[in-house]
Each structure stands twice: as C-alpha cells, then as structure tokens.
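Colleague: sequence isn't available, so here's the structure alone:
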C-alpha cells in the first residue's frame with residue numbers, strides 16, 4: 001500500500017536537516033521519540049485494561065452460572081463424620097525381631113496406652129533377590145550371528 005524504503009527515509013532526513021538546521025533537528029527527534037513512546041505506552045495500557053475487563057466479565061458469568069446451578073440442584077447432605085481409628089497392638093510374630101521399633105512395641109506393658117495403628121509402621125523382613133549379570137554387548141561385526 002504505502003511503501004517507504006531506505007532511500008525515501010534518507011531523503012526526508014536530509015530535507016529536515018536543511019529546513020530545520022543542525023540545532024533544532026536533534027531536539028525535534030527527541031520530542032518525536034517521546035511522543036511515540038507515550039503513544040505505545042497508552043496503547044499497551046488500553047489493551048491490558050481491555051483484557052482485564054474481559055477476564056472479569058468471564059469470571060462474573062461463571063459465578064452466575066454456578067449460582068444458577070447450585071440454586072437448581074438440591075444440596076447434598078453433609079458427610080458423616082469419619083470413624084475414629086481403633087488402636088490394636090501388633091502381634092509380635094508379624095514384626096521383625098531385629099528392628100528396634102518392634103522391640104519397643106513388643107515390650108510395652110499392658111497398662112500403657114496403645115499407639116494407634118497409623119502411627120506405627122511395621123517392619124517387614126526383606127528377602128534378598130539373586131542378582132543376574134547382563135549379557136556382554138556385541139563388540140564387532142564378527143561376533144554377530146547372520
């Protein structure tokens with residue numbers, strides 16, 4: 001549409017230098033730069049404000065929809081309270097004898113308060129698994145089978 005190349009810009013700068021002179025041209029360029037900066041800043045603020053208004057409008061619509069849905073559907077009954085955990089002591093055979101925590105649980109007197117199950121972690125004995133060595137990688141083309 002309107003094509004301005006480098007040669008046209010150079011011609012406009014030369015004419016401005018001749019008309020305004022070397023004293024006024026730098027001041028005019030600084031003023032134009034400030035005006036362009038202010039215009040860009042105002043455009044940026046306007047777009048940010050419009051985006052914020054759109055987000056607020058979407059949130060208001062979502063709240064209205066949620067209010068309409070909650071008014072149309074019956075409210076569910078409140079959940080029943082969760083049962084309290086029952087404290088049951090661990091049998092001594094289920095806990096490994098080498099663990100110090102198991103000894104302290106097994107050695108508690110009968111009249112001592114019992115620790116809830118969720119607070120005691122049982123120690124499970126671990127059986128070792130046989131380790132296998134991976135096959136050696138093929139090093140050359142002669143090792144590979146056809």
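Modeller: Noted; the coordinates are in hand. Owing to the predicted nature of the structure, the values given are computational and were not obtained by experimental measurement.
Colleague: for this structure, which helix is longest?
Modeller: helix 6-72 (DSSP state H).
Colleague: now do that helix, average pLDDT.
Modeller: Taken as a whole, helix 6-72 has a mean pLDDT of 92.
Colleague: report all helices and strands that it contacts.
Modeller: Taking 3 or more Cβ pairs under 8 Å, 6 or more residues apart in numbering; DSSP states H and E as contact, there are no helices or strands that helix 6-72 lies on. For every residue, glycine as well, the C-beta is placed using N, CA and C.
Colleague: stretch 52-70: which residues count as buried?
Modeller: By neighbour count with 16 or more other Cβ atoms under 10 Å, stretch 52-70 contains no buried residues.
Colleague: any chance you could list what contacts it?
Modeller: Residues from elsewhere that reach stretch 52-70, judged by Cβ atoms under 8 Å, 6 or more residues apart in numbering: none at all.
Colleague: can you classify residue 3 by secondary structure?
Modeller: coil (DSSP: H, G, I helix; E, B strand; the rest coil).
Colleague: in contact with it, which residues?
Modeller: Taking Cβ under 8 Å, 6+ apart as the definition, residue 3 has no contacts.
Colleague: how close does it sit to residue 9?
Modeller: As judged by Cβ to Cβ, to the nearest Å, residue 3 and residue 9 stand 11 Å apart.
Colleague: what's the answer for residue 22, then?
Modeller: Residue 22 is 18 Å from residue 9, by Cβ to Cβ.
Colleague: kindly report the same for residue 32.
Modeller: Residue 32 sits 13 Å away from residue 9, going by Cβ to Cβ.
Colleague: equivalent analysis for residue 50, please.
Modeller: According to Cβ to Cβ, residue 50 stands 33 Å off from residue 9.
Colleague: can you check residue 39 too?
Modeller: Separation of residue 39 from residue 9 (Cβ to Cβ): 20 Å.
Colleague: since that was my last question, I'll sign off now.
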